[in-house]
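Peer 1: no sequence on this one, just coordinates:
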């Protein structure tokens, strides 16, 4: 009898505990929905978006874990394939042709509001830590010169050191020490928020895997699946598109290469991606192992990719896949309504992050944004309705009507690109228009993922449609003319300031093209003078 009574008592206690647990869970979920979430941007530099996919040679367990808590956007592109113009577009939500942030030497003008400023208006605390690079003044004269003179006819001069893989013969884990230090600062800042109820947005920026290509034995042995490394297929330089051939020459990649050096560059790059996953993971662990996990949305991205010797190029600055395509993962707790462990194949752009963050923070969008909110890709309709429950207006209904288009735009007006490049990615098709009368290229990425065979002639109807689609957004010739006029005026202003020192400065050892310039300085000076004498 006593046993039966005790059993009934335990059953009653268990039932009460379960009711309390359910009530607490519902209240926690309700609190998460009612209170705007913390938002953490974690971003790296020069990470090819394809290295975040399942078959990548780079091993990224921390990013894989993050993707299981959210949505991985597998076909995301930057708005412009270089550090400053890409980041300027992301932080302002506006394209380079809207802001004039054309290249690394000319960043975002101060009169454009950025994401952090917008969320601070609705009560967010904000913090930048590490590399961000969307303002002017942080890049070298060499980088500016090679941008300004890119329109000079017949002026293809190597302006980079030839890439070469470097392996540190040690089992060093924290090889890129500045990035590991940034990760520590980010973790410390996050830990300081544990007892603060005010929502925050933190941006944590890293430099790796930006070249040079340097790694240690540790990451080469533990961070790379070497069986997945493939060698690029190259066209003869005479058969390259003229704009891409200019890229090859000015990036100092022309001529002969050994298989070992090309394979080494790719292997070292993948090892650098793996190290980046390591220090990114240390920040993710700080969130995952604390109460921040319950109400924090993490957004991982890179400003652009890296060619790693695809098409006989390194660095970025081209509309081709290695340079233009970037990783994007948005993750959050299950109770937020964010899909868990899904992927999206439709083309998206980093410029979409501004409106997306506005919706995550439950605030209005500034006018003039070029992107589209990704919230409908992160949540289903009922989750969005719950997200905006109690908020003024009918934002969830607007989002249903504001369907993201099935294409994205990229443009390039920077060093190593002799003319403006305009890319449209729509489904399997990728269209690249080169300003200045060059033949366009059209690739079917389903059958030609390495972009080796343009089908512009064979697919004339698709080509015409893509050309018209581009012109619904902008006039490529007008935009290209504005960018080149800025280049010429910038160079002319710099030259005038130097006065008599111009000739000795432009070919000096402080300029990266010094060794090539010295082979024929009179020719290069005459080409530039002729260009300057023509009407802008």
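Peer 2: Looks like it came in fine. Remember, it's a predicted structure, so these values are computed and weren't measured experimentally. Numbers count the residues shown, from 1 in each chain.

Peer 1: hey, let's count contacts and neighbours off CA atoms from now on
Peer 2: Noted.

Peer 1: Quick one: residues contacting residue 49.
Peer 2: Residue 49 makes contact with 74, 75, 76, 302, 305, 322, 325, 326, 327, 328 under the criterion CA atoms under 8 Å, 6 or more residues apart in numbering.

Peer 1: at 6 Å instead, please
Peer 2: Counting by CA atoms under 6 Å, 6 or more residues apart in numbering, residue 49 touches 325, 326, 327.

Peer 1: which one of the residues you listed is nearest residue 480?
Peer 2: residue 325 (21.9 Å; CA to CA).

Peer 1: For that closest one, give me phi and psi.
Peer 2: With angles defined as degrees, to the nearest 10, residue 325 shows backbone torsions of phi -90, psi 140.

Peer 1: which helices and strands sit right next to the strand or helix carrying residue 287?
Peer 2: Residue 287 is part of helix 259-288 when elements are defined by DSSP states H and E. Contact analysis of helix 259-288 by 3 or more CA pairs under 6 Å, 6 or more residues apart in numbering; DSSP states H and E lists helix 177-191 as its packing neighbours.

Peer 1: elements contacting whichever helix or strand comes after the helix it packs on?
Peer 2: Going down the chain from helix 177-191, the next helix or strand is strand 200-205, by DSSP H and E. When contacts are defined as 3+ CA pairs under 6 Å, 6+ apart, strand 200-205 sits against strand 38-44, strand 125-130.

Peer 1: Tell me which of those is the most buried.
Peer 2: strand 38-44 (a mean of 23; mean count of other CA atoms under 10 Å).

Peer 1: between that one and helix 177-191, how many degrees?
Peer 2: 180 degrees (axes from the mean of the first three to the mean of the last three CA atoms, to 10 degrees).

Peer 1: and the angle from strand 38-44 to helix 259-288?
Peer 2: Angle of strand 38-44 versus helix 259-288, following the same axes, to 10 degrees, is 170 degrees.

Peer 1: Give me the sheet partners of strand 38-44 and which way each runs.
Peer 2: Strand 38-44 has these partner strands in its sheet, going by DSSP bridges: strand 200-205 (parallel), strand 296-302 (parallel).

Peer 1: Dump those strands into CSV; add distance to residue 110 as well.
Peer 2: Shown next, in CSV, are the strands paired with strand 38-44 (distance: least, CA to CA, whole Å):
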stretch, distance to residue 110
strand 200-205, 19
strand 296-302, 23
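
Peer 1: These into CSV, with extra columns for mean pLDDT, mean neighbour count and distance to residue 334?
Peer 2: Converted to CSV, the strands paired with strand 38-44 look like this (pLDDT from 0 to 100; neighbours: other CA atoms under 10 Å; distance: least, CA to CA, whole Å):
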stretch, mean pLDDT, mean neighbour count, distance to residue 334
strand 200-205, 98, 23, 20
strand 296-302, 98, 23, 11
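
Peer 1: right, and the ones you listed - which one's nearest residue 151?
Peer 2: strand 296-302 (28.2 Å).

Peer 1: So which residues make contact with that closest one?
Peer 2: 37-45, 47, 326-332.

Peer 1: Give me the next element, helix or strand, following that strand.
Peer 2: Following strand 296-302 in sequence, per DSSP H and E, is helix 321-324.

Peer 1: Which of the helices or strands spans residue 212?
Peer 2: Assigned by DSSP H and E, residue 212 falls outside every helix and strand.

Peer 1: now do residue 526
Peer 2: Residue 526 belongs to helix 521-533, assigned by DSSP H and E.

Peer 1: low-confidence ranges in this protein?
Peer 2: Applying pLDDT under 70 to the chain flags residues 1-34, 136-137, 390-394, 396-397, 400-401, 536.

Peer 1: would JSON lines of the helices and strands packed on strand 200-205 with distance to residue 317 be doable?
Peer 2: Below are the helices and strands packed on strand 200-205 laid out as JSON lines (distance: least, CA to CA, whole Å):
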{"stretch": "strand 38-44", "distance to residue 317": "17"}
{"stretch": "strand 125-130", "distance to residue 317": "23"}
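
Peer 1: Looks to me like residue 443 is in a strand.
Peer 2: Yes. Residue 443: assigned to a strand according to DSSP: H, G, I helix; E, B strand; the rest coil.

Peer 1: For it, grab the count of nearby residues.
Peer 2: Using other CA atoms under 10 Å, residue 443 has 23 neighbouring residues.

Peer 1: Kindly report the same for the one 10 residues further on.
Peer 2: Residue 453 has 13 neighbouring residues, counting by other CA under 10 Å.

Peer 1: same thing with residue 464?
Peer 2: Per other CA under 10 Å, the neighbour tally for residue 464 reads 11.

Peer 1: next one: the one 5 residues further on
Peer 2: Other residues lying near residue 469 total 15 when counted by other CA under 10 Å.

Peer 1: May I have the secondary structure class of it?
Peer 2: helix.

Peer 1: Could I get the contacts of residue 49 in TSV, plus columns for distance to residue 116 and neighbour count?
Peer 2: Below are the contacts of residue 49 laid out as TSV (distance: CA to CA, whole Å; neighbours: other CA atoms under 10 Å):
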residue	distance to residue 116	neighbour count
325	25	31
326	22	30
327	21	28
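
Peer 1: Pick the one among the residues you listed closest to residue 383.
Peer 2: Minimum distance to residue 383 across the contacts of residue 49 is 24.9 Å, recorded for residue 327 (CA to CA).

Peer 1: In space, what's closest to that closest one - neighbours in sequence excluded?
Peer 2: Distance criterion CA to CA, 6 or more residues apart in numbering; nearest residue to residue 327, sequence neighbours excluded, is residue 49 at 4.0 Å.

Peer 1: rewinding a little: for the contacts of residue 49, which one is nearest residue 347?
Peer 2: Closest to residue 347, out of all of these and judged by CA to CA, is residue 325, at 10.0 Å.

Peer 1: in the sheet, who's paired with that closest one?
Peer 2: Note on residue 325: beta-bridge partners by DSSP bridges are residue 77.

Peer 1: before we move on, back to that, now the helix holding residue 287, how far from the chain's geometric center?
Peer 2: 16 Å (CA atoms, centre = their mean, to the nearest Å).

Peer 1: quick one: the strands in the stretch 401-536 of the chain?
Peer 2: 407-412, 421-426, 429-434, 441-444 (DSSP state E, counting those that start in this stretch).

Peer 1: SS state for residue 71?
Peer 2: strand.

Peer 1: backbone phi and psi for the closest residue to it other than its chain neighbours, please?
Peer 2: Once flanking residues are discounted, residue 71 sits nearest to residue 342: 4.9 Å by CA to CA, 6+ apart. The phi/psi pair for residue 342 (degrees, to the nearest 10) reads phi -110, psi 160.

Peer 1: For residue 342, grab the count of nearby residues.
Peer 2: By the criterion of other CA under 10 Å, residue 342 has 15 neighbours.

Peer 1: That one and residue 212, how far apart?
Peer 2: According to CA to CA, to the nearest Å, residue 342 stands 34 Å off from residue 212.

Peer 1: cool, residue 424 as well?
Peer 2: Residue 424 is 30 Å from residue 212, where distance means CA to CA.

Peer 1: Settle it for me: which of these two has more neighbours?
Peer 2: residue 424 (22 against 18).

Peer 1: who's that one bridged to?
Peer 2: Assessed by DSSP bridges, residue 424 has beta-bridge partners residue 409, residue 431.

Peer 1: From here on, call the first residue 36.
Peer 2: In the new numbering, first residue 36, that becomes residue 459.

Peer 1: Contacts only, for it.
Peer 2: Residues in contact with residue 459 (CA under 6 Å, 6+ apart) are 443, 444, 465, 466.

Peer 1: ok, back up a step: which one of the contacts of residue 84 is nearest residue 104?
Peer 2: Distances from residue 104 to the contacts of residue 84, taken by CA to CA, are shortest for residue 362, at 15.5 Å.
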